Every structure is written in C-alpha cells, then in structure tokens.
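J.: Turn this into a structure:
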Amino acid sequence: MRQVIVFPGEDGYWVAECPSLPGCISQGRTKEEAIENVREAIRGYVAALEEDGLPVPEEKFDAFLVAV
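T.: Below you'll find the model as predicted:
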C-alpha cells in the first residue's frame, strides 16, 4: 500500500505522485485516471527495483491537513 498525492496540474490534467518512491509520478485527464496511471507506475517502479536486486523503499509518510 502506498500513499499518493493527487493535485490539478497547470495543463488541466490531474497529477498523481507517490512520495515514498522518488520520481514516481503520473497524470490523467481525471482524478480517477491519474490514480490508475500512478498505480501502474508504482507497480513498474517496484518491479524494476526488484529486478535489479535493489531494496524497495518502505512507505514512511504521514499525511496532515494544515489550515492556513
């Protein structure tokens, strides 16, 4: 299970990234599409690490909503 951050991009697409996997980011026309695309990116990222015999980073982020 991985934490994903989803936010609107400047180009009108939704951006989804996984902070615990540096550089693991995707996008989609809708939030749902962005989430599905980043899910696929996470699978590929982890598979590539495992194939190369590298450790897979653990999920270590907490999410907080801060009112400003």
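J.: quick one, helices of the chain?
T.: Ranges of helices in the chain, per DSSP state H, are 31-51.
J.: residue ranges with poor pLDDT in it?
T.: By pLDDT under 70, the chain has no low-scoring segment.
J.: Nearest spatial neighbour of residue 24, chain-adjacent residues omitted?
T.: residue 18 (4.3 Å; C-beta to C-beta, 6 or more residues apart in numbering). (Each C-beta comes from the backbone N, C-alpha and C, glycine too.)
J.: for the one you found, what are its contacts?
T.: Residue 18 makes contacts with 2, 3, 4, 5, 24, 25, 38, 41, 42, 45, as judged by C-beta atoms under 8 Å, 6 or more residues apart in numbering.
J.: let's go with 7 Å and repeat that
T.: Going by C-beta atoms under 7 Å, 6 or more residues apart in numbering, residue 18 touches 2, 4, 24, 38, 42.
J.: Give me the buried entries from those.
T.: 2, 4, 24, 38, 42 (16 or more other C-beta atoms under 10 Å).
J.: was I right about the first one contacting residue 42?
T.: Yes. In terms of C-beta atoms under 7 Å, residue 2 counts as a neighbour of residue 42; the distance is 5.6 Å.
J.: related to what we said a few turns ago, ok, of the contacts of residue 18, which one's closest to residue 52?
T.: residue 24 (15.2 Å; C-beta to C-beta).
J.: how much space between the closest one and residue 68?
T.: Here the criterion is C-beta to C-beta, to the nearest Å. By it, residue 24 lies 27 Å from residue 68.
J.: I'd guessed residue 13 sits against residue 28; true?
T.: Yes. Taking C-beta under 7 Å as the definition, residue 13 is a contact partner of residue 28 at 6.4 Å.
J.: who touches the closest residue to residue 25 other than its chain neighbours in this structure?
T.: Nearest non-adjacent residue to residue 25, counting by C-beta to C-beta, 6+ apart: residue 17, 4.1 Å away. Contact analysis of residue 17 by C-beta under 7 Å, 6+ apart lists 4, 5, 24, 25, 38.
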